[in-house]
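**Q** Fold the following, please.
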Amino acid sequence: MTDGGPGPEPAERPLLRRFDQRLNELIAALYPDERKRPGYARLAKEIRETTGGTISGTYLWELAKGKKRNVTLEQLDVLAEFFGVPPEYFLNEETAERVNAQLKLAAALRDARVRNLALRAEGLSAESLDALLIMVDAARKVQNLGSVDDEERPAGTPDGG
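**A** Numbering: from 1, shown residues only. Next comes the predicted model:
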């Protein structure tokens, strides 16, 4: 028996459970420097100017903070267009994981030294690449950075079996 309330808690709605988290990940990916990140009013204006869609700063803030979860298909499409992701990113776990992996790679490649390292590694043998991966993993461990989830980690490298 219900108490006449509005229904299930938002956490019980799997399609909406992570919407705010995913929106915030996209904002952080687009504006990695928090000091230069626009406020929600400015971001909403950028979204409107870029896509022609309608969204207010207040509504964007409510979505990002998990206060509102009643995003329309039109707003979902506008957000997806602005951030350059498929609309399924907000609703599908597999799509979100795939896009987040691409966002991590793009963020890493913003650093010229990371790009330079990757370009210099091009053409090296599999054994040399494996040795470099071991060295990078050791350097990450020394700096307490933790391991990087890598689906293509060779069998001979740490955490690769």
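**Q** quick one: low-confidence parts of the chain?
**A** Residues of the chain that meet the criterion pLDDT under 70 lie in 1-17, 149-161.
**Q** can you give me the helices for it?
**A** Shown for the chain, the helices assigned by DSSP state H span residues 19-30, 40-51, 57-64, 73-83, 93-108, 112-121, 126-142.
**Q** separation between residue 130 and residue 136?
**A** Applying C-beta to C-beta, to the nearest Å, the value for residue 130 to residue 136 is 11 Å. For every residue, glycine as well, the C-beta is placed using N, CA and C.
**Q** Have a look at the two and say which one is more surrounded.
**A** Using other C-beta atoms under 10 Å as the criterion, residue 130 and residue 136 rank with residue 130 on top: 17 against 14.
**Q** Would you mind measuring from that one to residue 78?
**A** With distances defined as C-beta to C-beta, the gap from residue 130 to residue 78 amounts to 45 Å.
**Q** Residue 148: which of the helices of the chain is closest?
**A** The minimum distance between residue 148 and those falls on helix 126-142, with 7.2 Å, by C-beta to C-beta.
**Q** what's the spacing between that closest one and its chain's center?
**A** Helix 126-142 sits 25 Å away from the centroid of its parent chain (C-alpha atoms, centre = their mean, to the nearest Å).
**Q** Would you mark the buried spots in it?
**A** The neighbour-count check on helix 126-142 (16 or more other C-beta atoms under 10 Å) flags 130, 133, 137 as buried.
**Q** Just list the residues touching residue 117, thanks.
**A** Residue 117 makes contact with no residue under the criterion C-beta atoms under 8 Å, 6 or more residues apart in numbering.
**Q** Go through the buried residues of helix 126-142 and name the one nearest residue 61.
**A** For these, the minimum distance to residue 61 (C-beta to C-beta) is 39.5 Å, reached by residue 137.
**Q** Would you check that the closest one makes contact with residue 147?
**A** Yes. Using C-beta atoms under 8 Å, residue 137 and residue 147 qualify as a contacting pair, with a distance of 6.7 Å.
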